[in-house]
Structures are given as structure tokens and as C-alpha cells.
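1. output the structure for:
(one chain, ligands or ions: 2)
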Amino acid sequence: MRLEREKVYDPILRGVHVWNALVIVLLLLGGRAGGWLGYTPEAAALRYFHVLVGYGLVLGLVARITWGLVGPAPARFSGLWQPRAWWRMARTREFFPTPADWGHQAASAAVYLLLYLLLLGMVVTGLALAAINQGSGPLYLWLGHDVTLKHLFREPHEAMEYAVLALVVVHIATLILHEVRHGVPLAQAMVSGFQYRKVEEEEE
Ligand code: HEM
Ligand code: HEM
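-> Ligands and ions are numbered 1, 2, ... in the order given. Predicted structure coming up:
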């Protein structure tokens, strides 16, 4: 058994991945800490900072969506949208088949799409909360300081926060599992761009 490798992920996709990962970790930590600190001046500053970082996520998502439309094949949405493979997985119950192609595997692609959908939900509810709680942002003209609507956005924002956290944990756990169980250096792929896979050694 030997490993073969191929340059799969381009530098822009890798840059956007690092940006989004950092921003999401900051949003998870800052959002929770803001809640724990209650109504102190530090909490108010943290909530303001949370919204600033939130705009960072808007930028990151716009960059990812643009690259999903115009980028190279492994970065395109067609690489993430794999209904046939998902159907096959559901029928055969084989969730981690030997990869046939380079790029995202079907199960991971489904998780990434779900994560992006949740992130879009976080942006919409977050911008609404920024308008209601802080009187700022692009939704201010519609929702500015309208506290009667707060519950419509706060509860979904919080529920989706748990879902985002869960998917990030699943993502990291899966990367570790691949490394340890399958002996394939996967985690570095979004740093170096190289994906590896095992191939049978041919008999001499
Ligand atoms: C903690 C926050 C993180 C988030 C939110 C996150 C999110 C994502 C997303 C959304 C994708 C899909 C990429 C695409 O759009 O095509 C992805 C792929 C990937 N991420 Fe992360 N990531 C995080 C951390 C990390 C870390 C720490 C590593 C390891 C160094 C890593 C390694 C990878 C790899 C290797 C892939 C591609 C895997 C594959 O081929 O399917 N990620 N990540
Ligand atoms: C991964 C994305 C995000 C996560 C994990 C996250 C997490 C959180 C958490 C945990 C809270 C506290 C809820 C509570 O107090 O019970 C919160 C509140 C809030 N978030 Fe986010 N958030 C994200 C994205 C965003 C974005 C993109 C924006 C806006 C651009 C935003 C704006 C807000 C606002 C305005 C509040 C209420 C703060 C206040 O009370 O003034 N969030 N978020």
C-alpha cells in the first residue's frame, strides 16, 4: 500500500477556509462570553465586537459563494452538491466508501453544505439582532430597536449556534479519525492543497 497525492484545493479556497474558520471560532467564543457577562460594559463592548466579526463572516461567505460559482472544479458548488452519491449512501448504508475521485467526499460535502446554510441563517438572524439590540447594520431601517420582534431572531440565532458548534466538533473529530484510523494525512489538505489517498501496490 502506498500513498498518492494530487493538488486539489487552490490557494483562494484555502485562504477563505482559514478566514472563515478563525471568524467562526471568534463568533462562537465571543457570542457565548457576551451572554455569560450579562449587562456589564465589557459585555456591551464584546457584543459590539461580535457584530464586527459578524461582518467578517459576511465577507467570508460572499467570497466562498463567489468562488463556488467561478472557481476551479473542486471549489465549485457542483463539487459539494452530490445527490446521486447521497442516494447511494442512503441505499447501501455505506457512509465512507473508498474515494473514487479527488475533492470532497459525499458525506463531508453534505455536512459542509449544511454548515453553510446554518451560517447564512446566522448572518440573517445576527443582522436582525444588530438592528434590534444595537440600532445598527443594513436591517436598521426595517427593524431598528423593534424589541417586540427580538424573540423571532434571538432563539433561532441561539439554536443555530449550537448546531454550528456541533458541526465544527464533527468536522475536527472526522479529520482526526481519518488521520488516526485510515492513516491518510487529510487535515493538512486545506493548508497545502494536497489530498492523499491509498493505492494498492502492484505485484512485481
Ligand atoms: C474550526 C473551524 C473550522 C470550520 C468552521 C471549518 C469549516 C470547513 C468547511 C466549511 C469546509 C468545506 C470547504 C469548502 O467550502 O469547500 C472545510 C473543509 C476542510 N477543512 Fe475545515 N474548518 C475548520 C477548521 C479546520 C481545521 C483546524 C482543519 C485542519 C487543519 C481543517 C481542515 C479541513 C480540510 C482538510 C477540509 C477539506 C476536507 C475534505 O477534503 O473534505 N478545518 N472546513
Ligand atoms: C457562526 C456564527 C455566529 C455565532 C456562533 C454566533 C453566536 C452568538 C451567541 C452565542 C450569541 C449570544 C446569545 C445569547 O445572548 O443568548 C449571539 C448574539 C448575537 N449575535 Fe451572533 N453569532 C454568529 C453570527 C453573527 C453574525 C453574522 C451577526 C451579525 C452580523 C451576529 C450578531 C449578533 C447579535 C447582534 C447578537 C445579540 C447581541 C446583543 O444582545 O446585543 N452574530 N451570537
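2. when you work out contacts or count neighbours from here on, use the C-alpha atoms and nothing else.
-> Will do.
3. buried ones in the helix or strand harbouring L177, by neighbour count?
-> Assigned by DSSP states H and E, L177 belongs to helix 150-177. Judged by neighbour count (16 or more other CA atoms under 10 Å), helix 150-177 contains these buried residues: K150, F153, H157, E158, M160, E161, V164, L167, V168, L175, I176.
4. now do that helix: which elements does it pack against?
-> With contacts taken as 3 or more CA pairs under 8 Å, 6 or more residues apart in numbering; DSSP states H and E, helix 150-177 sits against helix 106-134.
5. and the angle from the helix it packs on to helix 150-177?
-> In terms of direction (axes from the mean of the first three to the mean of the last three CA atoms, to 10 degrees), helix 106-134 departs from helix 150-177 by 150 degrees.
6. distance from the chain centre to the following helix or strand past helix 106-134, please.
-> The helix or strand immediately downstream of helix 106-134 is helix 140-143, counting by DSSP H and E. Relative to the centre of its chain, helix 140-143 is centred 28 Å away, using CA atoms, centre = their mean, to the nearest Å.
7. any low-confidence regions in this protein?
-> 202-204 (pLDDT under 70).
8. write out the residues of it neighbouring ligand 1.
-> Contact residues (CA under 6 Å from any ligand atom) of the chain with ligand 1: 21, 24-25, 75, 103-105, 108, 112, 168, 186-190.
9. of the residues you listed, select the buried ones using a ChimeraX command.
-> Per 16+ other CA under 10 Å, the buried members of those correspond to this ChimeraX selection:
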select :24,75,103,104,105,108,112,168,186,187,189,190
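10. now, which of the residues of the chain next to ligand 1 lie close to ligand 2?
-> When CA under 6 Å from any ligand atom is applied, the members of these adjacent to ligand 2 are I24.
11. how near is V62 to E94?
-> Note on V62: its distance to E94, by CA to CA, to the nearest Å, is 34 Å.
12. contacts only, for the most centrally placed residue in the chain.
-> The chain has L115 as the residue nearest its centroid, 4.8 Å off, counting by CA atoms, centre = their mean. Contacts for L115 (CA atoms under 8 Å, 6 or more residues apart in numbering) come out as V164, L167.
13. distance check, it against G121.
-> Taking CA to CA, one finds L115 at 10 Å from G121.
14. try L167
-> Taking CA to CA, one finds L167 at 15 Å from G121.
15. also L152?
-> Separation of L152 from G121 (CA to CA): 13 Å.
16. distance from stretch 88-95 to the middle of the chain?
-> For stretch 88-95, the distance to the chain centre is 24 Å (CA atoms, centre = their mean).
17. what's the answer for stretch 52-68, then?
-> Mean-position distance between stretch 52-68 and its chain equals 11 Å (CA atoms, centre = their mean).
18. may I see the buried residues of that stretch?
-> V53, G54, Y55, G56, L57, V58, G60, L61, R64, I65, W67, G68.
19. run through who's touching it.
-> Contacts of stretch 52-68 (CA under 8 Å, 6+ apart): 13, 16, 19-20, 23-24, 26-27, 75-77, 116, 120, 123, 126.
20. cool, stretch 148-162 as well?
-> Counting by CA under 8 Å, 6+ apart, L28, L118, G121, M122, T125, G126, A128, L129, I132, L143 sit against stretch 148-162.
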